[in-house]
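1. build me a model from this:
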Amino acid sequence: MIKQITMTHTSVILTPEGRREQQEIVAIETPYKVALNDKVIGASMVLETGLEEFGAGFLFGQGYVTKPEEVKEVLVCPEGKISVYADVEEEAAPKEVIITSGCGGTGKISREMLEGAFDPLQEYTVSFTEIREFILTTLRASRLGQDTHCVHGCGLWAEERLQAFYEDVGRHNAVDKIIGAILLKKIPARGAVYTTGRLTSDMVLKCARIGIPIVLSRTAPSSLGLAIARRAGLTLAAYARPERLNVFNAPERILLEGDR
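-> Residues are numbered from 1 along each chain as shown. Model prediction:
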């Protein structure tokens, strides 16, 4: 069944010259619960695309699953529930989470995910020419963004092509879908991520913990996002445009002409 992710609404445009009606396209937010082995862990408002990936990625951010080998099956129920079945140790007590900078408290990460040493990132380099194509391809993929101006996009580039692209009303959710696709073995972690959302602590942290070595954003990083990138050795670039990057950490993974 194809899910409806937009609706139309008539707005009234007011200007000094008068008023007129206009048809608008509006993104639809839908509540979904996420369960681990039939135990509900949390819930979020999401765009009804990439729901299997979102469920797995959401549980990764909460600290309940940590690697692809643990995830066995994901089922999406039309009643608004994503059931993830994973080979993980059952815990009676909920994970301690930190509410992050997500609007409305949508950004949550487990405390244990924030603390402790980072595993080595997967080594990967990418040319500036590839990054230019990556950004342009990702932005062109977002027809929904052009229609509604209400969603964030996130893509992963590897092996000289766009491997996956997801959208959601929340920047955290779009990144979770990329994380979930890695957990479901649909895409590799060894690549570069581009997001239209700002790079706050949880956004950078989840990418670092799953092993993604390069993270790019159309907008800015926060101080803690930068600190996490430094701890993990992750390449962090902001204000990403086809002809320019502001690289805040580890620029050596991005190659200019003559670097190879």
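2. can you pull out the helices in this protein?
-> Under the criterion DSSP state H, helices of the chain are mapped to 51-61, 111-114, 128-141, 143-148, 171-183, 201-210, 223-232.
3. so which of the ones you listed comes closest to Ser83?
-> Closest approach to Ser83 among the helices of the chain (CB to CB): helix 51-61, 7.5 Å. C-beta here means a position set from N, CA and C on the backbone, and glycine is covered the same way.
4. OK, contacts around the most centrally placed residue in the chain?
-> Nearest residue to the geometric centre of the chain (CA atoms, centre = their mean): Val175, 0.6 Å. Val175 makes contact with 57, 154, 193, 195, 197, 203, 206-207, according to CB atoms under 8 Å, 6 or more residues apart in numbering.
5. that one and Arg244: what is the separation?
-> Here Val175 is placed at a distance of 23 Å from Arg244 (CB to CB, to the nearest Å).
6. still on that earlier bit, for Ile182, see how far away the residue nearest to the centre of the chain is.
-> 11 Å.
7. give me the below-cutoff pLDDT ranges for the protein.
-> 1-2, 90-110, 258, 260 (pLDDT under 70).
8. partners of Thr10 in the sheet?
-> Thr10 forms beta bridges with Gln23, as assigned by DSSP bridges.
9. out of the helices of the chain, flag the one nearest Ala27.
-> Among the helices of the chain, helix 143-148 comes nearest to Ala27, with 4.5 Å by CB to CB.
10. gap between that closest one and the chain center?
-> Helix 143-148 has its C-alpha centroid displaced from the chain centroid by 17 Å (CA atoms, centre = their mean, to the nearest Å).
11. which secondary structure elements does it contact?
-> For helix 143-148, the elements it packs on are strand 6-15, strand 18-27, judged by 3 or more CB pairs under 8 Å, 6 or more residues apart in numbering; DSSP states H and E.
12. how does it look with 7 Å?
-> In terms of contacts (3 or more CB pairs under 7 Å, 6 or more residues apart in numbering; DSSP states H and E), helix 143-148 is packed against strand 18-27.
13. give me the buried positions along the strand it packs on.
-> Of all the residues in strand 18-27, those buried under the rule 16 or more other CB atoms under 10 Å are 24, 27.
14. what's the answer for stretch 25-41, then?
-> For stretch 25-41, by 16+ other CB under 10 Å, it's 27-28, 32-36, 41.
15. can you get me the start-to-end distance on it?
-> Using CA to CA, to the nearest Å, one end of stretch 25-41 lies 32 Å from the other.
16. can you list contacts of that stretch?
-> 4-9, 42-48, 51, 55, 58-59, 62, 64, 80-86, 90, 144, 147-148, 150-151, 169 (CB atoms under 7 Å, 6 or more residues apart in numbering).
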